[in-house]
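>>> Attaching a predicted model along with its sequence, questions to come.
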Amino acid sequence: MKAFTREASIVIAIPGVNCDTDQILPGRFLKADRAQGYGQFLFHDIRRDETGELDPVFPLNRPGADKATILLVEDNFGCGSSREGAVYALVDHGIRALIAPSFGDIFYNNALKNGLVPVRLEAGHCQALADHLARFPDAKVTVDLAGLKLILPGDLGTHPIVIDAFARDCILQGLDEIEMTFTYLEQIEAFERIRIASHGWLDR
């Protein structure tokens, strides 16, 4: 996991309520080697036209969109199946944070476990941001995970980021749950020594 403290970026707005994990990463690509990166398959089917060519109208296909590390998405993003590959595709593409009114529950937790920051923002503010980006596509948004705030452009204000404390700590340090556990290895070993000394039969 790559550590995340603060990210400032232009933002690409992806349209579509209830965008499910099969739209984010079609299931047939789950057989691909993750070492080669899933980013190439992100939104594979919906970003192409009937001929299979990239549709220039799709937001991620527009010039300069590859510089964005933050996406503005719509309500219930990541619903559907529990495939973690959908998060892999976003991370491998270089996306570091998502802003939406709500996320699919399993997708939300998979994102946290992979260092992708899902920011819940009230629907009205999301719409205001989308309107602003339509007029000012180069406007930047800052996701300040260390400071627990989302800084929007223009006069759209600053909004709190609400996130599980343990997940935040892991992401700030760039550690997944197993790696975070290893940071307590000395304390774990000390506990085991005391436990064995007082319950010797456990060491048989």
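Received, thanks. Residues are numbered from 1 along each chain as shown.

>>> for the helix or strand encompassing I106, the distance to its chain's centre please.
Using DSSP states H and E, I106 sits in helix 105-113. Centroid separation between helix 105-113 and its chain, computed with Cα atoms, centre = their mean, to the nearest Å, is 8 Å.

>>> Also stretch 197-204?
Remark: stretch 197-204 is offset 44 Å from the chain centroid, using Cα atoms, centre = their mean.

>>> cool, stretch 91-106 as well?
Using Cα atoms, centre = their mean, the offset of stretch 91-106 from its chain centre is 4 Å.

>>> Show the contacting residues for the residue positioned nearest the centre of the chain.
The centre of the chain sits closest to L116, judged by Cα atoms, centre = their mean, with a distance of 2.7 Å. Applying Cβ atoms under 8 Å, 6 or more residues apart in numbering to L116 gives the contacts 87, 90-91, 95-98. Using the backbone N, CA and C atoms, a C-beta is placed for each residue, glycine as well.

>>> how about the helices in this structure?
With helices called from DSSP state H, the chain shows them at 21-24, 85-93, 105-113, 123-135, 165-173, 177-182, 185-198.

>>> Of all these, which one is nearest H159?
Checking the helices of the chain against H159 by Cβ to Cβ gives helix 123-135 as the closest, at 6.5 Å.

>>> Show residues contacting the closest one.
So helix 123-135 is contacted by 11, 13, 72, 74-75, 99-101, 121, 139, 141, 152-154, 156-157, 159 (Cβ under 8 Å, 6+ apart).

>>> Can you show me the CA trace of it as PDB?
Extracted C-alpha coordinates of helix 123-135, given in PDB (Å, rounded to 0.1, in the frame of the first residue of the first chain):
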ATOM      1  CA  ALA A 123     -25.300  14.900  -2.500                       C
ATOM      2  CA  GLY A 124     -25.900  18.600  -2.800                       C
ATOM      3  CA  HIS A 125     -22.200  19.400  -2.400                       C
ATOM      4  CA  CYS A 126     -21.300  16.700  -4.900                       C
ATOM      5  CA  GLN A 127     -23.600  18.300  -7.400                       C
ATOM      6  CA  ALA A 128     -22.200  21.700  -6.700                       C
ATOM      7  CA  LEU A 129     -18.700  20.300  -7.300                       C
ATOM      8  CA  ALA A 130     -19.800  18.600 -10.600                       C
ATOM      9  CA  ASP A 131     -21.300  21.900 -11.800                       C
ATOM     10  CA  HIS A 132     -18.000  23.800 -10.900                       C
ATOM     11  CA  LEU A 133     -15.900  21.200 -12.700                       C
ATOM     12  CA  ALA A 134     -18.100  21.500 -15.800                       C
ATOM     13  CA  ARG A 135     -17.100  25.200 -15.900                       C
END
